[in-house]
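Peer 1: My questions are about this predicted structure, shown below with the sequence.
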Amino acid sequence: MKGWGWLALLLGALLGTAWARRSQDLHCGACRALVDELEWEIAQVDPKKTIQMGSFRINPDGSQSVVEVPYARSEAHLTELLEEICDRMKEYGEQIDPSTHRKNYVRVVGRNGESSEQDLQGIRIDSDISGTLKFACESIVEEYEDELIEFFSREADNVKDRLCSKRTDLCDHALHISHDEL
């Protein structure tokens, strides 16, 4: 009977590791998809569009402390985007990387609502995947809203890596490499 105890312990450890990896794949994929969607939405805004920020109260000298900032990266616009962006996860499917056996999430619906032009072979598309990805996205937005607004309020390079790997630790470096090589 002693041997069965060790076997059960080993099996439990292996299943726990597999579950943790699946969870990390999911949260990493949701973070990367979230970054893609936010970057695309920001790029769609007319760069000339501005919003007034600051205090609308009149100072004693008669002036106002109001400045105009680009709307695309304003806190108001980013907050609005974060409220609805996770609904886009229904446009993603799950793909298993043949070399790492890790899950990647890829957009399967084009931005215009038509089917993506990429080869969809090997990509699993169903409501369970999109629902789970949406839930992971919503969890990330809730937990990291301040970081998301901070990162997207100004232009930056390598946002996926800096936000999803370094700041939030949702992606490990090996997973980051496999996503970028796709």
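Peer 2: On my side now, so go ahead.

Peer 1: Off-centre distance for stretch 119-137?
Peer 2: Relative to its parent chain, stretch 119-137 has a centroid offset of 14 Å by CA atoms, centre = their mean, to the nearest Å.

Peer 1: Please work out which residues outside that stretch touch it.
Peer 2: 26-27, 29-30, 33-34, 85-87, 89-96, 105-106, 108 (CB atoms under 8 Å, 6 or more residues apart in numbering). Using the backbone N, CA and C atoms, a C-beta is placed for each residue, glycine as well.

Peer 1: now the chain, which segments are flagged as low pLDDT?
Peer 2: Residue ranges of the chain with pLDDT under 70: 1-22, 55-56, 113, 115-118, 173-182.

Peer 1: And residue 112, how far from residue 39?
Peer 2: As judged by CB to CB, to the nearest Å, residue 112 and residue 39 stand 17 Å apart.

Peer 1: And the helices in the chain?
Peer 2: With DSSP state H as the criterion, the chain has helices at 2-43, 75-84, 127-152, 159, 173-180.

Peer 1: show me the contacts for residue 148.
Peer 2: 34, 38, 78, 82, 141, 163.

Peer 1: Show me what counts as buried in the biggest strand by length in the chain.
Peer 2: Longest strand of the chain, by residue count under DSSP state E: strand 50-58. By neighbour count with 16 or more other CB atoms under 10 Å, strand 50-58 contains no buried residues.

Peer 1: start the count at 56, not 1, going forward
Peer 2: With 56 as the first residue, the last one maps to strand 105-113.

Peer 1: name the helices or strands packed onto it?
Peer 2: Packing partners of strand 105-113 (3 or more CB pairs under 8 Å, 6 or more residues apart in numbering; DSSP states H and E): strand 119-125, helix 130-139.

Peer 1: All good on my end, thank you.
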